[in-house]
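Participant: Quick check, what structure comes out for this input:
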Amino acid sequence: MTLTPPVSDQPLQHYYAARAAEYDRIYAKPERQEDLRAIERWLPPVFQHKSVIEIACGTGYWTQFLAKTARSILAVDAAPETLRIAAARVDQPGVAFVVGDAYRLPDAGSLHDAAFAGFWISHVPRARMVEFIDNLHARVAPGAKIVFLDNRFVAGSSTPIAERDADGNTYQTRVLEDGSRHRVLKNFLTREDLESSLEGRASAIRWHEWKHYWAVEYTSR
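Facilitator: All right, here's what the predicted structure looks like:
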């Protein structure tokens, strides 16, 4: 008889620490390549000459594209395991990687004029969405350029939704190479979800959409 390993309900940080060595495989999915190349071309000019704070930078996959044009980057992640990979990938002046909490971002001593969060906001519980955005805005200057990039749910490419809680948060069961199974909060947010959370906090909101991904670009108030 084959026994199915239990699903771990540890914090998200532990999941990404365990996944660090295999994290970038998500960017190798064949069906996503066209979208990824389009985003990789679109993103760097948005942050040209900007001082960027990057939230949940992970292995630095997106940091490498921001670094092509940004004036400086403070890249924050909760998992030292992924940050070690990121620091080896993007080793250049003006880019700093620090361990930090996305809900209590480090104080760099001055306000940034841009922020980027790739594939993080889908892990924010719906009840904490406004808290996260307000804390982020406290680390950027009024009029800062902000981009959130995340996934659309595409059947056959996305991990299926395993459950939904009373607040409307959805969860996936993700299996790592070692066979461990993890319960991961993953909300597939809509344009309406984002615009509701940004109401009164943003201007010049622009929505971008590809087959597998979406991005919201806006100016902080």
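Participant: Stretch 19-32: which residues count as buried?
Facilitator: Buried positions in stretch 19-32, judged by neighbour count with 16 or more other Cβ atoms under 10 Å: 19-20, 23-24, 32. C-beta coordinates here come from the backbone N, C-alpha and C atoms, glycine included.
Participant: residues making contact with that stretch?
Facilitator: Stretch 19-32 has contacts (Cβ atoms under 8 Å, 6 or more residues apart in numbering) with 16, 36, 58-59, 61, 79, 81-82, 84-85, 154, 157, 174, 176-177, 212-213.
Participant: what kind of secondary structure is residue 92 in?
Facilitator: For residue 92, the assignment made with DSSP: H, G, I helix; E, B strand; the rest coil gives coil.
Participant: And the residue lying closest to it once chain neighbours are set aside, how close does it get to residue 40?
Facilitator: Leaving aside its chain neighbours, residue 92 sits nearest to residue 67 (6.1 Å; criterion: Cβ to Cβ, 6 or more residues apart in numbering). In this view, residue 67 and residue 40 are 12 Å apart by Cβ to Cβ, to the nearest Å.
Participant: Of the two, which one has the most company?
Facilitator: More crowded of residue 67 and residue 40, by other Cβ atoms under 10 Å: residue 67, with 23 against 14.
Participant: For the more buried one, give me its contacts.
Facilitator: By Cβ under 8 Å, 6+ apart, the contact set of residue 67 is 73, 90, 92, 94-95.
Participant: State which strand of the protein is the longest.
Facilitator: strand 140-151 (DSSP state E).
Participant: list the helices and strands the helix or strand just after it packs on?
Facilitator: Using DSSP states H and E, the helix or strand that follows strand 140-151 in sequence is strand 163-164. Using 3 or more Cβ pairs under 8 Å, 6 or more residues apart in numbering; DSSP states H and E as the contact test, the elements touching strand 163-164 are strand 170-175.
Participant: Contacts for the strand it packs on next, please.
Facilitator: By Cβ under 8 Å, 6+ apart, strand 170-175 touches 7, 15, 19, 159-165, 181-188.
Participant: Could you tell me the model confidence score at residue 73?
Facilitator: Turning to residue 73, the model gives it a pLDDT of 98.
Participant: Bridge partners for it, pull those for me.
Facilitator: Residues in a beta bridge with residue 73, per DSSP bridges, are residue 52, residue 95.
Participant: Drop anything exposed from the contacts of strand 170-175.
Facilitator: Applying 16+ other Cβ under 10 Å to the contacts of strand 170-175 flags 15, 19, 182-184, 186-187 as buried.
Participant: Determine which two of those are furthest apart.
Facilitator: Farthest-apart pair in the buried ones among the contacts of strand 170-175 is 19 and 187; separation 18.7 Å (Cβ to Cβ).
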